[in-house]
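A.B. asks: based on what follows, work out the 3D shape:
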Amino acid sequence: MSDVSNVSPGHVEKEGIFNKNSVAAKVTRDLFLTQMKWAVWFVGIVFLVYLIVPLFVTDVDAFNLNFLAFIFQSTKIFMLIIGILSCYAFLGYFVGNGITRKDYFIGSAAAAFGIAVGIMVLASILQGALHLVGMFTDYTPNTAHGDAIRVESAWVIPFVVYTLSVAVYYVAGWLISIGFYRYGVFGGTVAIIAAVIFGAAADLSWEGERSLQLFGFIRISLPELPLPLAMVTTVLLLGFGLWVLRRLTKRVPVKIK
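C.D. replies: I've put the predicted structure just below:
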């Protein structure tokens, strides 16, 4: 990571939080570049799986998804994992270099949305490349969407939907991370339960007329929400999750190594 400790807090206040030379902007840039390297490897591996696995699977319908839809579920897991790494891998480093908890929080949140967008951009580019290959060869790329998210547009709406949905899982992972980091095993266990409910609530916004089962015995179902309402619900959940994280990270004792 680059040195983010050479900007004084007073200077940051004069320039503003979102100035490109502010501490928060430098934290965002560092976190985005570091995690995006992981994301590029992740997308590349999933893309290889997408190309190779159907060659050995007879049930073709199971893979009748475009790449954007195919990578969606695995991206949730990836974002959850890097969200969990948030505190343990980065908080101590940045605070140890004189970065405030507020700047760390802003940088981490902004980087998370950047990573979500970045993964979806890479997936869209690869899907577009497959379509170009299909125009000049006998290869026929899949064009179907995932049945969990029913959308009409071939590109824009699924892109927005998937980006918002995977960002939720970064926030959920971050919640688990800060739970264990600040409160130990008991707090972490509570955070896991809260993260499961948080992620399930977001999924339920999109998976209309389906039932989500929590912890093996709680079953929740809602009628299908209109697309605008589902988007608003997800944005509100993200805002609430980030508000909770800000409260938890505001005065968290930092373990400097």
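
A.B. asks: switch to C-alpha atoms for all contacts and neighbour counts from now on
C.D. replies: Will do.

A.B. asks: contacting residues around the closest residue in space to Leu245 that isn't next to it in sequence?
C.D. replies: Once flanking residues are discounted, Leu245 sits nearest to Leu175: 6.5 Å by Cα to Cα, 6 or more residues apart in numbering. Leu175 is in contact with 83-84, 191-192, 195, 245, counting by Cα atoms under 8 Å, 6 or more residues apart in numbering.

A.B. asks: could you do Tyr88 as well?
C.D. replies: By Cα under 8 Å, 6+ apart, the contact list for Tyr88 reads 177, 181.

A.B. asks: circling back: out of the contacts of Leu175, which sit inside helices?
C.D. replies: 83-84, 191-192, 195, 245 (DSSP state H).

A.B. asks: can you tell me which of those residues is nearest Ile115?
C.D. replies: Among these, Gly83 lies closest to Ile115 (Cα to Cα), at 11.0 Å.

A.B. asks: which pair of the contacts of Leu175 spans the longest distance?
C.D. replies: Using Cα to Cα, those span at most 13.7 Å, a distance reached by Ile192 and Leu245.

A.B. asks: just the element for the residue most central in space within the chain, please.
C.D. replies: Nearest residue to the geometric centre of the chain (Cα atoms, centre = their mean): Ala167, 3.1 Å. Ala167 belongs to helix 156-206 when assigned by DSSP states H and E.

A.B. asks: next one: Gly107
C.D. replies: helix 101-136.

A.B. asks: packing partners of that helix?
C.D. replies: In terms of contacts (3 or more Cα pairs under 8 Å, 6 or more residues apart in numbering; DSSP states H and E), helix 101-136 is packed against helix 23-52, helix 67-70, helix 92-96, helix 156-206, helix 227-249.

A.B. asks: ok, back up a step: so who does the residue nearest to the centre of the chain touch?
C.D. replies: Contact partners of Ala167, counting by Cα under 8 Å, 6+ apart, are 79, 112-113, 116, 238.

A.B. asks: cool, and Ile77?
C.D. replies: Going by Cα under 8 Å, 6+ apart, Ile77 touches Tyr169.

A.B. asks: you'd agree it is in a helix?
C.D. replies: Yes. Counting by DSSP: H, G, I helix; E, B strand; the rest coil, Ile77 is part of a helix.

A.B. asks: which residues of the stretch 151-257 of the chain score low on pLDDT?
C.D. replies: Along the stretch 151-257 of the chain, the parts satisfying pLDDT under 70 run over 151-155, 207-225, 256-257.

A.B. asks: next, Val254: secondary structure please.
C.D. replies: What three-state DSSP gives for Val254 is coil.

A.B. asks: and it, how far from Ser177?
C.D. replies: The gap separating Val254 from Ser177 is 13 Å, by Cα to Cα, to the nearest Å.

A.B. asks: more neighbours: which of those two?
C.D. replies: Legend: neighbour count by other Cα atoms under 10 Å for Val254 and Ser177, higher for Ser177 (25 against 18).

A.B. asks: spatially nearest residue to that one (excluding sequence neighbours)?
C.D. replies: Nearest to Ser177 is Ile84, by Cα to Cα, 6+ apart, at 4.6 Å.

A.B. asks: any idea how far that neighbour is from Leu55?
C.D. replies: From Ile84 over to Leu55 (counting by Cα to Cα), the distance is 34 Å.

A.B. asks: ditto for Val95
C.D. replies: For Val95, the distance to Leu55 equals 49 Å [Cα to Cα].

A.B. asks: now do Val196
C.D. replies: When Val196 is compared with Leu55 (using Cα to Cα), they lie 35 Å apart.

A.B. asks: contacts only, for Phe78.
C.D. replies: Residues in contact with Phe78 (Cα under 8 Å, 6+ apart) are Phe42.

A.B. asks: how far away is Arg101 from Ile45?
C.D. replies: According to Cα to Cα, Arg101 and Ile45 sit 34 Å apart.
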